[in-house]
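S.K.: Pasting a predicted model and its sequence here:
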Amino acid sequence: MSKKIYAAVLSALFVFSTSTFAEVSTTSSIRGVVNVSGAVVSATHTPTGSTKSKSATDGGFFLSNLLIGGPYEITVSAPGYKSESLGGVFLVLNETTNLDITLVSDSIEEITVTAAATSGSIRMGTGTFLDRDAIDGIPTVNRSIADIAKIDPRVTISSGSSRYSEISVMGQNNRFNDFTIDGVSFNDPFGLNDNGFGTMRNPVSMDFVDQISIDITPFDVSRGNTTGGSIAVVTKSGSNEFHASAFYQKRDEGNVGDYNDQDFPEFEDEVKAFTGK
């Protein structure tokens with residue numbers, strides 16, 4: 001009897017340990033080709049000084065798990081060839097930057113170097129990407145995720161309030177969406193809130209957001225927890241220079257007005273945010 005119980009416990013632990021959950025990328029990557037096999041490709045994140053290097057096997061290289069944003073300084077070197085650099089490379093969430101670099105021999109006096117950077121999507125499906133500049137350019141009253149998400153024409157919002165906003169993607173119920181902050185699920189598993197988030201208020205202050213990716217019914221096998229839309233938020237990362245911002249907003253019944261000569265019930269709503277990096 002004890003052996004059966006022991007086997008049952010081991011089976012349960014095995015099932016639990018191998019359960020898979022949706023993994024939403026919070027990083028980006030660089031892929032490319034160089035004309036010299038074995039050349040060393042280094043990507044340096046200028047704001048932090050962090051560097052990641054890879055040897056170009058058979059001329060191809062791939063650098064993954066890189067911080068989004070930038071700028072990045074890309075350096076390629078190989079014995080017997082002149083090193084080349086490419087600056088001003090910016091990386092975006094869920095997309096891969098493609099590079100095509102040509103090294104020339106040290107024995108050539110006059111050379112022409114070609115290097116190009118293009119963006120290639122690695123999304124399994126369609127979607128909309130918004131960086132910090134795009135977010136700042138969107139007019140919003142509530143400064144909420146819903147106000148930003150509806151910039152995609154396939155997203156509809158049933159209410160203007162962040163507390164009761166129901167985000168529908170392609171007509172699907174908002175319960176079919178998946179919302180993550182830095183790769184961590186922030187949904188409402190108990191169905192308590194109309195907005196589908198884990199809180200009745202806006203789940204994250206927009207001042208902390210760096211990039212937002214809105215994927216429409218992604219069919220990547222590594223993704224799950226959604227048959228509607230996948231909204232991924234990545235917060236700002238630090239740098240070697242100090243930057244800060246502050247925000248304050250207050251609303252009460254005086255901002256609402258009256259209806260049919262009836263005063264709106266008293267309420268007060270305050271939002272404070274301070275960021276530093």
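M.R.: Arrived safely.
S.K.: ok now do Leu41, which residues does it touch?
M.R.: Actually, residue 41 is Val. It isn't Leu. The contact partners of Val41, by CB atoms under 8 Å, 6 or more residues apart in numbering, come to Gly32, Val34, Ser53, Lys54, Ser55, Ala56, Phe61, Leu63, Ile74, Thr75, Val76, Ile101. C-beta here means a position set from N, CA and C on the backbone, and glycine is covered the same way.
S.K.: and what of Gly191?
M.R.: Gly191 makes contacts with Arg175, as judged by CB under 8 Å, 6+ apart.
S.K.: Quickly note the distance from it to Phe197.
M.R.: 12 Å (CB to CB, to the nearest Å).
S.K.: Please, a ChimeraX command that selects the buried ones among the contacts of Val41?
M.R.: Here is the ChimeraX selection string for the buried members of the contacts of Val41, based on 16 or more other CB atoms under 10 Å:
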select :32,34,54,56,61,63,74,75,76,101
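S.K.: which among the contacts of Val41 gets closest to Arg201?
M.R.: Leu63 (38.0 Å; CB to CB).
S.K.: show me the contacts for the closest one.
M.R.: Residues near Leu63 by CB under 8 Å, 6+ apart: Ser29, Ile30, Arg31, Val41, Ala43, Lys52, Lys54.
S.K.: Can you verify my assumption that Val209 contacts Ser237?
M.R.: No. Using CB atoms under 8 Å, Val209 is not in contact with Ser237, being 11.7 Å away.
S.K.: Settle it for me: which of these two has more neighbours?
M.R.: Neighbour count, other CB atoms under 10 Å: between Val209 and Ser237, Val209 has more, with 20 against 15.
S.K.: who's in contact with the nearest residue to Lys236 once chain neighbours are set aside?
M.R.: In this structure, Lys236 finds its nearest non-sequential neighbour in Asp210, 4.4 Å apart by CB to CB, 6 or more residues apart in numbering. With contact taken as CB under 8 Å, 6+ apart, Asp210 is in contact with Ile68, Gly69, Asp131, Arg132, Val234, Thr235, Lys236, Ser237.
S.K.: so where's the protein uncertain?
M.R.: 1-25, 107-125, 159-164, 194, 219-225, 258-259, 277 (pLDDT under 70).
S.K.: Give me the domain ranges for it.
M.R.: The chain breaks down by automatic domain parsing into domains covering 28-121, 126-236.
S.K.: sorry, back to before: so how far is Thr75 from the residue nearest to Lys236?
M.R.: Going from Asp210 to Thr75 by CB to CB gives 25 Å.
S.K.: And for Val169?
M.R.: Val169 sits 41 Å away from Thr75, going by CB to CB.
S.K.: ok, now Phe190?
M.R.: Remark: distance between Phe190 and Thr75 (CB to CB) = 50 Å.
S.K.: Over to Thr140?
M.R.: Taking CB to CB as the measure, Thr140 falls 40 Å from Thr75.
S.K.: ditto for Ser230
M.R.: Plainly put, Ser230 is 35 Å away from Thr75 if you go by CB to CB.
S.K.: so how far does stretch 158-166 reach from one end to the other?
M.R.: One end of stretch 158-166 to the other measures 5 Å (CA to CA, to the nearest Å).
S.K.: no no, stretch 90-97
M.R.: Separation of the first and last residues of stretch 90-97 by CA to CA is 8 Å.
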